[in-house]
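Novice: quick check, what structure comes out for this input:
(one chain, ligands or ions: 2)
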Amino acid sequence: MSKLRVAVLGAKGRIGSEAVKAVRAAEDMELVAALGRHDSLDVLASSRAQVAVELTTPDSVMTNLEYCVGHGIHAVVGTTGWNDERLASLGGWLEDSPETGVLIAPNFSLGAVLTMKFAQMAAPYFESAEVVELHHPDKVDAPSGTAQRTAQLIAEARRAADSAPMPDATAKALEGARGADVDGVPVHAVRLRGLLAHQEVLLGGEGETLTVRHDSLHHISFMPGILLGVRRVVRTPGLTFGLEHFLDLG
Ligand SMILES: NC(=O)c1ccc[n+]([C@@H]2O[C@H](COP(=O)([O-])OP(=O)(O)OC[C@H]3O[C@@H](n4cnc5c(N)ncnc54)[C@H](O)[C@@H]3O)[C@@H](O)[C@H]2O)c1
Ligand SMILES: O=C(O)C1=N[C@H](C(=O)O)CCC1
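Specialist: Ligands and ions are numbered 1, 2, ... in the order given. Modelled structure (predicted):
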């Protein structure tokens, strides 16, 4: 069976350099290109890449994806910065290239995907829910893509259950003290040397709390998800948002 021809964009970055190693080590894949910020995207076409693993920065990801989708190159995207406007642009490009698949995964680690799932399941059963994400201080965006997605899933689950508004008597606060409001869910971001990527979902009800915590301690934690994404995206046209769609989580 022929190997999947894979390119990595952001190949010199923290996660990109780990992805280069993971693709090289995968028996069913061939690393055909490893692009940095100043490399031409035309290397993707000339190297006949079938899948691009996009691990760059929020200011680069859209240009890269427009090129990939326009050239029928499937993409597995870990880069953050997604909003409705960006998703609509991507949707338009995919309409013009209906056989191309794009996976956007706010988090590739299994534990983080499960954290989001558990938070979504638990949210309707508690009065209060807040998200705390903790990352290394070189991260350029806040709150994390994972925390934003987690908050959206909590909000969707609470809406579906017709939950009452969360109790919060705060009448006076320093700006930022209650975190960012993501779809009505407070999200707090910590940046601390020594950390990599961590998240706690705090849920509270009368007389009890539930905390769901996940820790990525090394970038290797994201690799099985990236490789799974590469294998699945080539047979999944259109946009898939979230690695959970490629996992059998019930
Ligand atoms: N989804 C996940 O599981 C996951 C996990 C870790 C990081 N991330 C995200 O991945 C992104 C990268 O994170 P990082 O910590 O590796 O950052 P980083 O700054 O270490 O790496 C980004 C790399 O991309 C390069 N780059 C920028 N523009 C480029 C372009 N046009 N073409 C090719 N390369 C380009 C930069 O020079 C840099 O080397 C961030 O958005 C981060 O939040 C996602
Ligand atoms: O280190 C990062 O940067 C990470 N980014 C993603 C996010 O913003 O959720 C995933 C976790 C690590």
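Novice: helices along the protein, start to end?
Specialist: 14-25, 42-46, 61-70, 84-95, 110-122, 145-160, 223-233 (DSSP state H).
Novice: and the last one with helix 110-122, angle?
Specialist: Angle between the axes of helix 223-233 and helix 110-122 is 80 degrees (criterion: axes from the mean of the first three to the mean of the last three CA atoms, to 10 degrees).
Novice: show me what helix 223-233 is packed up against.
Specialist: Applying 3 or more CB pairs under 8 Å, 6 or more residues apart in numbering; DSSP states H and E, we find helix 223-233 packed against strand 4-9, helix 14-25, strand 51-54, strand 74-77, strand 101-104, helix 110-122. Yep, even glycine has a C-beta here, placed from its N, CA and C like the rest.
Novice: need the helices of the chain in a markdown table with mean neighbour count, can you?
Specialist: Listed next are these as a markdown table, based on neighbours: other CB atoms under 10 Å:
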| stretch | mean neighbour count |
| --- | --- |
| helix 14-25 | 19 |
| helix 42-46 | 15 |
| helix 61-70 | 20 |
| helix 84-95 | 13 |
| helix 110-122 | 19 |
| helix 145-160 | 21 |
| helix 223-233 | 21 |
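Novice: between the ones you listed, which one is nearest to Val212?
Specialist: Proximity to Val212, assessed across those by CB to CB, is greatest for helix 110-122 (5.0 Å).
Novice: so the closest one, near ligand 2 or not?
Specialist: No: against ligand 2, helix 110-122 shows no contacts by CB under 6 Å from any ligand atom, the least distance being 7.0 Å.
Novice: who are the packing partners of that helix?
Specialist: Other helices and strands packing on helix 110-122, by 3+ CB pairs under 8 Å, 6+ apart, are helix 145-160, strand 197-205, strand 208-216, helix 223-233.
Novice: and it with strand 208-216, angle?
Specialist: 160 degrees.
Novice: need the residues of the protein near ligand 1, please.
Specialist: Checking the chain against ligand 1 by CB under 6 Å from any ligand atom, the hits are 9-10, 12-16, 35-37, 55-58, 60, 64, 78-80, 105-108, 145, 222.
Novice: could you pick out the buried ones from those residues?
Specialist: 9-10, 13, 15-16, 35, 55-56, 64, 78-80, 105-108, 145, 222 (16 or more other CB atoms under 10 Å).
Novice: contacting residues around the residue of the chain found nearest ligand 1?
Specialist: Nearest to ligand 1 in the chain, going by CB to the nearest ligand atom, is Gly13, at a distance of 2.1 Å. Residues near Gly13 by CB atoms under 8 Å, 6 or more residues apart in numbering: Leu55, Thr56.
Novice: what separation do you get for the closest residue to Lys12 other than its chain neighbours and Arg86?
Specialist: Using CB to CB, 6 or more residues apart in numbering and skipping residues adjacent in sequence, the residue nearest Lys12 is Gly36, 5.0 Å away. Distance, Gly36 to Arg86, using CB to CB, to the nearest Å: 23 Å.
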